[in-house]
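>>> please find the sequence and the predicted model below.
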Number of protein chains: 2
Amino acid sequence: MSEVKTIFELSKEYLSALEIAIEEKNSAFIRDTMEGVNSADISALLDELNADMAKYVIDILDNEVGAEIIEDLEEDTRTKFLENFTPKEVADYITEMDSDDAVDIINELPAKTREEVISEIIDPDTAAHIHELMRYDEDCAGGLMAKEMIIANLNWNIVQTIEEIRRQRENVDRIYSVYVVDDKYKLLGKVSVKDILLANDNTHISEIYDDDVISVETYMDEEEVADIMRKYDLDVVPVVNLQGKLVGRITIDDIVDVITDQAEEDRQLMSGISSDVEEDDTIWVILKARLPWLIIGLVGGIVGAYVIRGFEDQIQTITGLALFIPLIMATGGNVGVQSSTLVVQSLATKSVFTDSLGKRLLKMVAIAMFTGLVLGSISFLVVYLYGEVKLGLVVAIALQAVVLLASFTGTATPLILDKLGINPALASGPFITTANDMLGITVYLLIANLLL
Amino acid sequence: MSEVKTIFELSKEYLSALEIAIEEKNSAFIRDTMEGVNSADISALLDELNADMAKYVIDILDNEVGAEIIEDLEEDTRTKFLENFTPKEVADYITEMDSDDAVDIINELPAKTREEVISEIIDPDTAAHIHELMRYDEDCAGGLMAKEMIIANLNWNIVQTIEEIRRQRENVDRIYSVYVVDDKYKLLGKVSVKDILLANDNTHISEIYDDDVISVETYMDEEEVADIMRKYDLDVVPVVNLQGKLVGRITIDDIVDVITDQAEEDRQLMSGISSDVEEDDTIWVILKARLPWLIIGLVGGIVGAYVIRGFEDQIQTITGLALFIPLIMATGGNVGVQSSTLVVQSLATKSVFTDSLGKRLLKMVAIAMFTGLVLGSISFLVVYLYGEVKLGLVVAIALQAVVLLASFTGTATPLILDKLGINPALASGPFITTANDMLGITVYLLIANLLL
């Protein structure tokens, strides 16, 4: 990355210099070295300091820069840092932020502090926006939207519209579009800043606005909003309430966060990690997220032990039977995860005209039969060369059955979870794979019991 | 989703009506019903038609709409459809597109067609842009950027700048920022359309431009570009060459695609599916992506069988020893996947000040020890109640060892893969988990051999 003016390298050297400057209360050094540095870089730096030191730095900088830094901090760090600020100070920083970010940060505060901070917000517009936005659930369009936008009445002319942009220039950093509404604030369309710039002063908005605008409703789920913005390549989408009244806008940067979070959640579910943990969380937090799934896996293993014990006579008498338990288990697990991943993926990119369930199942069976044939043949050959024709047949038939079963459960489970409103990625996780493992062992030993 | 004007529902009924209209060559019906419908919706619809029918529809619509539809098609479908168009027709549609999308589509064409299409492009600017962009690798900033942008010279005034915007109004759909350059096209900064709108006609760009602009270099990897745009909340980033000359810009919608593709690739690697397949691909394509990994798993299972055979005497004589093979395997696999997922995740959100390797390993050991203790105790209790004290001890100790080993390989493998420039998500895939499974069995049987 290069910046035209400031090339700021986050280095351990600068961090040490900063720590010394804080101890010596050398505010001039801090102000000078941080001049023009992007707030995201300063946030990454403060992440390394304790709360007192961070507060010292934030206090020195402009209120606006401070607000950006606080916005860019990691949630954990921010919570820790903000404990050091008075409600009045938090309120002042929050007033500088876009309303959606302000509400997100208020929601992170403990209930009591939250009320104190809100009561300290002086600007009546900010207070009203925050009150309104706090009513919405975090995961819906209402919870993602911000109130900062430029709204023009259909009957305004260009001069009036530019006047409104001038009035809002401090509140609205980036103008994506100017939204056009009627007297009752019903969303009618939009007009680009480019078109305003190129129009004559006395042109009316009604002559140049585009009435073909895609909007979302306040209660729409955030992932649905993400799908729409991605599908139609939108940088920003207006949010309307049930009456069609324009109440906010959602920008693509929030959607990028939704997509990233979703991918991370899926990945964690697939690997048996509950809740949102990271490598640098405390040992205890990590254990709490990992142990439950491992214990489920362990219970599965204990069930497996009981199953094998039920066939102990065969295992003791038939040479080689026990040898292929891991092979059967591993194949069942792998096939199940593959199948569920493909289904989860096609659920994520849902199209209107998906194949019918019958057609999908038929295809699944065809793939499983062929897979079972290939894997079964290889393993038959291996066991045959080992000198056990009958055992080879048992392994091959069991593999065929296990591949079919694992394909079926791997395909059906995410579909069922999705219908139940549960994240289907869970189907690639350890719970289902453990269940598949045990099913595989049972099938193998049952077939051995029947054929040997 | 609601649209202010056109609410277009993709329905099977409309699809049937459309098919009839195409057969009857009822172009009026098609033009009327598709008026004002978003191109992304029309693309989804054409996806269901054959290439001839789709061409009939695209031919009827405006060139600009046709270009958008072609852009929004799935790659497979587009390749199929475009075979039906003459190089001249393809060239005309491509001229309507942003240069980055045009180049992406040209790159999908067979080599011969590609040359024919390029030679049919009439507009010299378009041809020059495409020639320039085709030089870059697809996965770097140069391969993502487009040439359409508004560039203002530092010495221009507002009137000159607005004149340039007017001149480019057809080429540049959305103006994100106006970039400011010197006489040698070196990027100096940017100015927002809002500021141009609010400035006086004879204000000079040099008075109002912001010289603090983040840019990326042409050769930067696309994922690094994504990280920067995400970190600094950018909608668009200018691209400069090694001399600092402004050569293009990358918008956030392309980055959304990069992030989505990356998440999908990771998910597939984690579940043992190679290359980019989807549920609706042909059986053969799916088999080709799935079978290799399953065969690797099978080979692992065969190795496991040999390992177990090495300990066959113990298995035949010690009651219960075979019972706990699945339990050991499942736990080792689960722990390994959990560990590698956490590492992959922290590699993705790389910070400058990550913990040292030593500190990370120490933490890993602490977590593994505690996990092993909990799982070991539970399983000891179970085996103890089953009446086998000594076997219980063996299982507990083996679990402790396997958890430690799996944590270590799960942590180290992604770090090593990352250093080698291989996607670390592979470490959560079947290859590594199979290796872990076999390692687990060996450790278990070795400990049993030693202690029983």
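Cool, the structure landed.
>>> tell me where the stretch 201-350 of chain A has strands.
Along the stretch 201-350 of chain A, the stretches classed as strands by DSSP state E, counting those that start in this stretch are A:214-217, A:236-240, A:246-251.
>>> what is the burial count for the residue in the stretch 51-200 of chain A positioned nearest to chain B?
The nearest approach of the stretch 51-200 of chain A to chain B comes at residue A:193, 4.5 Å away (Cβ to the nearest Cβ). Any C-beta I mention is one placed from the backbone N, CA and C, and that applies to glycine too. Residue A:193: 24 surrounding residues under other Cβ atoms under 10 Å in any protein chain shown.
>>> also the one 4 residues further on?
Neighbours of residue A:197 under the rule other Cβ under 10 Å: 20.
>>> thinking again about what came up before, quick check: the residue of the stretch 51-200 of chain A closest to chain B touching residue B:194?
Yes: Residue A:193 lies in contact with residue B:194 (Cβ atoms under 8 Å); the separation is 6.6 Å.
>>> common neighbours of the two, please.
Common neighbours of residue A:193 and residue B:194, counting by Cβ atoms under 8 Å, 6 or more residues apart in numbering or on different chains, are residue A:175.
>>> before we move on, back to that, so who does the spatially closest residue to the residue of the stretch 51-200 of chain A closest to chain B that is not a sequence neighbour touch?
Leaving out its chain neighbours, the residue that sits closest to residue A:193 by Cβ to Cβ, 6 or more residues apart in numbering or on different chains is residue B:193, at 4.5 Å. For residue B:193, the contact set (Cβ under 8 Å, 6+ apart) comprises A:175, A:193, A:194, A:197, B:175, B:177, B:178.
>>> ok now stretch A:323-336, how far from the chain's centre?
32 Å (Cα atoms, centre = their mean, to the nearest Å).
>>> now that stretch: mean pLDDT?
The pLDDT scores in stretch A:323-336 average 89.
>>> check stretch A:252-271 too.
87.
>>> go on, stretch A:239-249?
The pLDDT scores in stretch A:239-249 average 95.
>>> same thing with stretch A:419-433?
Per-region confidence: stretch A:419-433 scores 83 on mean pLDDT.
>>> gap between the two ends of that stretch?
20 Å (Cα to Cα, to the nearest Å).
>>> which one of the contacts of residue B:193 is nearest residue B:214?
Nearest to residue B:214 among the contacts of residue B:193, counting by Cβ to Cβ, is residue B:177 at 11.4 Å.
>>> what's the nearest residue to that closest one if we skip its chain neighbours?
residue B:190 (4.2 Å).
>>> secondary structure class for that neighbour?
Here residue B:190 is recorded as strand under DSSP: H, G, I helix; E, B strand; the rest coil.
>>> show me what it bridges to in the sheet.
Beta-bridge pairing for residue B:190 (DSSP bridges): residue B:179, residue B:210.
>>> pretty sure it sits against residue B:238.
Yes: assessed by Cβ under 8 Å, residue B:190 is found in contact with residue B:238 at 7.4 Å.
>>> overlap in contacts, the two.
B:179, B:213.
>>> which residues touch stretch A:59-78?
Against stretch A:59-78 from outside (Cβ under 8 Å, 6+ apart): A:27, A:30-31, A:34, A:39-40, A:42-44, A:46-47, A:58, A:81-82, A:92-94, A:96-97, A:101, A:105, A:108.
>>> show the buried residues in the residues you listed.
A:30, A:34, A:39-40, A:42-44, A:46-47, A:58, A:81-82, A:92-94, A:96-97, A:101, A:105 (16 or more other Cβ atoms under 10 Å in any protein chain shown).
>>> near chain B, which of those show up?
A:40, A:44, A:47 (Cβ under 8 Å from any Cβ of the partner chain).
>>> circling back to that earlier point, mind putting the contacts of residue B:193 into JSON lines with pLDDT?
Formatted as JSON lines, the contacts of residue B:193 follow (pLDDT from 0 to 100):
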{"residue": "A:175", "pLDDT": "84"}
{"residue": "A:193", "pLDDT": "89"}
{"residue": "A:194", "pLDDT": "89"}
{"residue": "A:197", "pLDDT": "89"}
{"residue": "B:175", "pLDDT": "84"}
{"residue": "B:177", "pLDDT": "88"}
{"residue": "B:178", "pLDDT": "94"}
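>>> quick one: buried ones out of these?
Buried, going by 16+ other Cβ under 10 Å: A:175, A:193, A:194, A:197, B:175, B:177, B:178, out of the contacts of residue B:193.
>>> so which of those residues belong to helices?
Applying DSSP state H to the buried ones among the contacts of residue B:193, the entries found in helices are A:193, A:194, A:197.
>>> which one of those is nearest residue B:233?
residue A:193 (19.3 Å).
>>> gap between the closest one and residue A:175?
Distance from residue A:193 to residue A:175, counting by Cβ to Cβ, to the nearest Å: 5 Å.
>>> quick check: neighbours shared by those two?
Common neighbours of residue A:193 and residue A:175 (Cβ under 8 Å, 6+ apart) are B:193, B:194.
>>> so which strand or helix has residue A:441?
Take DSSP states H and E as the rule and residue A:441 turns out to sit in helix A:430-451.
>>> would you mark the buried spots in that helix?
A:430-445, A:447-448.
>>> low-confidence regions, the stretch 101-250 of chain A specifically.
Across the stretch 101-250 of chain A, nothing is flagged by pLDDT under 70.
>>> quick check: residues of it near chain B?
So the stretch 101-250 of chain A meets chain B at A:162, A:165-166, A:169, A:172, A:174-175, A:187-189, A:192-194, A:196-198, A:211-217, A:220, A:224, A:228, A:230-233, A:235, A:240, A:244 (Cβ under 8 Å from any Cβ).
>>> let's see 7 Å
Residues of the stretch 101-250 of chain A lying close to chain B by Cβ under 7 Å from any Cβ of the partner chain are A:162, A:165-166, A:169, A:175, A:187-189, A:193-194, A:196-198, A:211-217, A:228, A:230-233, A:235.
>>> show me how to select, in ChimeraX, the buried members of those.
Selecting only the buried entries of these in ChimeraX, with 16+ other Cβ under 10 Å as the criterion:
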select /A:162,165,169,175,187,188,189,193,194,196,197,211,213,214,215,216,217,228,230,231,232,233,235
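>>> care to break chain A down by domain?
For chain A, automatic domain parsing gives the domain ranges A:12-137, A:150-261, A:283-451.
>>> mind putting those in CSV, distance to residue B:65 included?
Conversion of those to CSV gives the following (distance: least, Cβ to Cβ, whole Å):
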stretch, distance to residue B:65
domain A:12-137, 34
domain A:150-261, 12
domain A:283-451, 20
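>>> return the most buried member of those.
With neighbours taken as mean count of other Cβ atoms under 10 Å in any protein chain shown, these reach their highest mean count in domain A:283-451, at a mean of 20.
>>> what is the end-to-end distance of it?
50 Å.
>>> now that domain: how far from the chain's centre is it?
For domain A:283-451, the distance to the chain centre is 29 Å (Cα atoms, centre = their mean).
>>> likewise for stretch A:84-97?
The answer for stretch A:84-97 is 28 Å, by Cα atoms, centre = their mean.
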